[in-house]
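Q: Fold the following for me, if possible:
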Amino acid sequence: MLRWMLLLLVPAWAFATPPDSRVPDKLWTEKSSGRTGLGAHSPVTMDAFSVLYKRISPAVVNISTVGSGGQGGREGGSGTIVTSEGAGFFIHPSGYLLTNDHVIDGAHDITVRTANDRVFKARVIGRDPRTDLALLQVDSKGPFPIAPLGDSGKISPGEWVVAIGNPFGLSNTVTVGIVSAIGRSEVQPTGKPMLASFIQTDASINPGNSGGPLCNIRGEVIGINTAIRGDAQGIGFAIPSNMAKRLLPQLAKGRVERSFLGLAFREVTPELAKVLKLERVAGAVVTEVGPGSPADQAGLRAGDVLTSFDSQPVRAAGDLPWLAAQAGVHAKVPVELIRDGKTLTVQVQLQALPRPLELVEPPRMLVPPAMAAQTTLAIPGLALTVADLTPVLRKRFGIVASVGALVVAVDRGGVADHAGMRVGDVITRAGKRPVTTAAVLEADVRAARPDDVLSLLVQRGKQSVWVTPKRGR
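A: Here you go, the predicted model:
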């Protein structure tokens, strides 16, 4: 299992205060006002990164917090006192600064120390745990030195970058590296679902760097450092600056509102690409469409492969959540997809993201054990149990499919469980072969070799879903 380490010394909790009604219309500057002496094709001299550091470091601050609760705190009175340290940087002369949400999460006291050792109290203007961003303001009018927010969309792997922060409380530390990769949407370094497409860098980042800037050679911030791989060296992640710029107007108002598409999806695997006759292993395969959702109203179906959303390419499934969330409530956006080998474009009218629903673990068995012993068939290679879909079962459980193998039990932690199969699914096809009975499915699984990937078409309610479990031994 991958282990992630958030870039703060000890976690804390925070509360946002009402936003200042005098928040400027634009909180950031786009480009650096001066030259750094570095260019894309210029040689790197001994003092090149020193120039970058002198330009950016005055805007970088140390953030320390005190809060209650959390892990790793020390006992104090009747509760637990928790402290944390991180970094941030000014984006507006009047004292507005960016940092990570996890740096100030739960804090009832936030202290900011500037590069020239001035100390201020700060308050939260807006925060967004889903992107791990927070906007603060110090209790002074300034003016303060600022770091411009550059265009993270123009960076490429291999480019030089500089990280500045307070690793382990050592203020104003600078490290140098390159952009190792972009678009890392498959990682979730906080351990919670995040809407991000991270910049990966090998510039040395350590606990306490959270919220500090990752800068390009022009002295512009192209990322906000947020996390490292706790079990690796030289793998750090930063939130792209363009994502921060998109959210800042909402953070300034104290509330982030997201749009909602209303479907479930998965990555396109080589096996799925073959089954769906795709030319490329790219995009997001729709597995379920929420009844009455914007996707449902637009006519999207399970099995559709989304390749573009609002004119932005969907290269991987992880690209879709952020694209859908930030497109705008009530916005009408074009969605390009592949259906049955044909390319289509549909218009989707987005809605506001509904409040989160509590997740309830699905049942592991659909029929009583007594019935299971007589009428069901265990499929060891899939770690599940199925039954012939009879008219009695169809009526009893309101099943739409007419024939197939009904999943009546799923072994916890087995291959079917990991592939996302559920009790109540009806397997109607294995590859190109129809599954008419439980015995047909058993024969197909037995014919496959251990570790072969099976392509199963599943009827789930009114939706058809492709599932690709790996045959067990």
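
Q: buried ones in stretch 382-399?
A: Residues of stretch 382-399 classed as buried: Leu382, Ala383, Leu384, Thr385, Val386, Ala387, Asp388, Leu389, Leu393, Arg394, Ile399 (neighbour count, 16 or more other Cβ atoms under 10 Å). From N, CA and C alone the C-beta is placed, and that goes for glycine too.

Q: So the last one sits against Pro391, correct?
A: Spelled out, it's Ile399. No - assessed by Cβ atoms under 8 Å, Ile399 is found out of contact with Pro391, at 10.0 Å.

Q: How about Val400: what's its closest non-neighbour residue?
A: In space, and not counting its chain neighbours, Val400 is closest to Lys462: 5.7 Å by Cβ to Cβ, 6 or more residues apart in numbering.

Q: now Ser259
A: Excluding the flanking residues, the one nearest Ser259 by Cβ to Cβ, 6+ apart is Leu350, at 4.0 Å.

Q: and if you look at Leu27?
A: His92 (4.9 Å).

Q: Counting neighbours, what do you get for Val445?
A: 20 (other Cβ atoms under 10 Å).

Q: Arg113 too?
A: When counting by other Cβ under 10 Å, one arrives at 16 neighbours for Arg113.

Q: Please apply the same query to Asn116.
A: Neighbours of Asn116 using other Cβ under 10 Å come to 7.

Q: How is the closest residue to it other than its chain neighbours assigned, secondary-structure-wise?
A: The shortest distance from Asn116 to any non-neighbouring residue, by Cβ to Cβ, 6+ apart, is to Pro58 (7.4 Å). Under DSSP: H, G, I helix; E, B strand; the rest coil, the three-state class of Pro58 is helix.

Q: Can you give me the distance of Pro58 to Arg118?
A: Remark: distance between Pro58 and Arg118 (Cβ to Cβ, to the nearest Å) = 11 Å.

Q: who has more neighbours, these two?
A: Each of Pro58 and Arg118 has its neighbours counted (other Cβ under 10 Å); Pro58 has more, 18 against 12.

Q: show me what contacts that one?
A: Applying Cβ atoms under 8 Å, 6 or more residues apart in numbering, one finds that Pro58 lies in contact with Thr114, Ala115, Asn116, Pro145.

Q: Give me the phi and psi for the first one.
A: What that stands for is Thr114. Dihedral pair for Thr114: phi -80, psi 170, per degrees, to the nearest 10.

Q: returning to what we had before: kindly reformat the buried residues of stretch 382-399 as TSV and extend each row with pLDDT.
A: Listed next are these as TSV, based on pLDDT from 0 to 100:
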residue	pLDDT
Leu382	89
Ala383	86
Leu384	88
Thr385	89
Val386	90
Ala387	89
Asp388	89
Leu389	88
Leu393	82
Arg394	83
Ile399	85
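
Q: Looking at these, point me to the pair that's furthest apart.
A: Greatest spatial distance among the buried residues of stretch 382-399 (Cβ to Cβ): Ala383 and Arg394, at 24.8 Å.
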